[in-house]
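Engineer: I'd like to go over a predicted model; first the sequence, then the structure.
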Amino acid sequence: MLKKKVAFSLIFMLITLSFISMQAQNLAENSDGIEHSELETSVDISFDYHTELIKFYINEQEYNLALSYLDSIFAHPNDSLYYLKGLALKGKKEWMDSADNFALAMKTYRSELLLQKSKTEFKQILNKIPAMDAISLLSAHLSSIEEDEILVEFLVIMADIYEKNQLFDEANDIYATILKETNYPKRIPVQMKIATNQLFLKQYEAAINTLSPIVALNDSIYNAEALFFYYLANYSADRIKVAKNALLKLYREYPQHPNIHEILSGLA
């Protein structure tokens, strides 16, 4: 292990010396009339160097070295550094701290790609800790989120944890918050989630009320799924005629429906 660390130190020194040499040469060649944009490019190159070195340590499973180096440059943390720290802590199986850093990466995101990567890691790590600890961690971050897009991301993750633990009422409270308190544009999928949970809770009348406006829209994207849930809700509420009409429409308009066997069985 000592030899390996010495090797890493030598690699680090060589990279550093090479980097300094290139930077010095660039500065000498461009010292006359240097522009502000050129200075920004120099900073970007330096930042790439830092992140590539940290990635190298993480790929080599040298998580302590990665964390030590991260701590040395963490004066002004950003989404990339939070993400890398989350990966290093994940490697050490320090789940809570790892999840916390992925949450911070999401909250400070600058690129959509890194946001999605952070969200994927965040959700995976939350599955490794007790549900109530995950809810507590999410709740701690929610109070400081102002942007609707990120707020919804956290709320949906929280609702998903509730659903996995069959806490459907709590999940629907989250979805109701999304609809009432944010400008989230994908409202129909959220309403469909609410209706699904209402079916699990045997709240059939409530599910019918949730689904009726969606079915009335006759939206080509959601109508097949909405009609099927509408059939289930009406059938369960003993509204047989309405349920039959929903089944007939499904049979005629959606012959490739994933639940076609249930549809045929219902008609029979």
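Structural biologist: It's in.

Engineer: burial count for G266?
Structural biologist: Neighbouring residues of G266 were enumerated by other Cβ atoms under 10 Å; the total is 19. To be clear about C-beta, it is placed using only N, CA and C from the backbone, and glycine gets the same treatment.

Engineer: list the contacts for it?
Structural biologist: For G266, the set of contacting residues under the criterion of Cβ atoms under 8 Å, 6 or more residues apart in numbering consists of 231, 235, 243, 247.

Engineer: Now the two most distant members of those.
Structural biologist: Pairwise distances across the contacts of G266 (Cβ to Cβ) peak at 8.6 Å, for the pair Y235 and L247.

Engineer: okay, these two: which has more neighbours?
Structural biologist: Remark: of Y235 and L247, L247 carries more neighbours, 22 against 17, as counted by other Cβ under 10 Å.

Engineer: The more buried one contacts Y231, doesn't it?
Structural biologist: Yes: the pair L247 and Y231 qualifies as a contact (Cβ atoms under 8 Å) at a distance of 5.4 Å.

Engineer: who touches both of those two?
Structural biologist: A shared contact of L247 and Y231, defined by Cβ under 8 Å, 6+ apart, is any residue touching both; here these are 263, 266.

Engineer: quick one on the thing from earlier: from the contacts of G266, pick the one nearest Y63.
Structural biologist: The shortest separation between Y63 and any of the contacts of G266 is 52.2 Å, and it belongs to Y231 (by Cβ to Cβ).

Engineer: neighbours of N172, just the number please.
Structural biologist: 25.

Engineer: ugh, wrong one, N245
Structural biologist: Taking other Cβ under 10 Å as the criterion, the count of residues near N245 is 15.

Engineer: Please apply the same query to the one 3 residues further on.
Structural biologist: In terms of burial, L248 registers 14 neighbours under the definition other Cβ under 10 Å.

Engineer: Excluding chain neighbours, give the residue nearest to it in space.
Structural biologist: L267 (7.3 Å; Cβ to Cβ, 6 or more residues apart in numbering).

Engineer: thought that neighbour was touching Y251?
Structural biologist: Yes: contact criterion Cβ under 8 Å: L267 and Y251 qualify, at 6.3 Å.

Engineer: between those two, which one's more packed in?
Structural biologist: Set L267 next to Y251 and count neighbours by other Cβ under 10 Å: Y251 wins out with 15 against 11.

Engineer: Check that one and give its pLDDT.
Structural biologist: Reported pLDDT at Y251 in the predicted model: 78.

Engineer: That one and I125, how far apart?
Structural biologist: Relative to I125, Y251 is positioned 44 Å away (Cβ to Cβ, to the nearest Å).

Engineer: how far is the helix or strand where A99 lies from where the chain is centred?
Structural biologist: When elements are assigned from DSSP states H and E, A99 belongs to helix 95-107. A distance of 11 Å separates the C-alpha centroid of helix 95-107 from that of its chain, computed with Cα atoms, centre = their mean, to the nearest Å.
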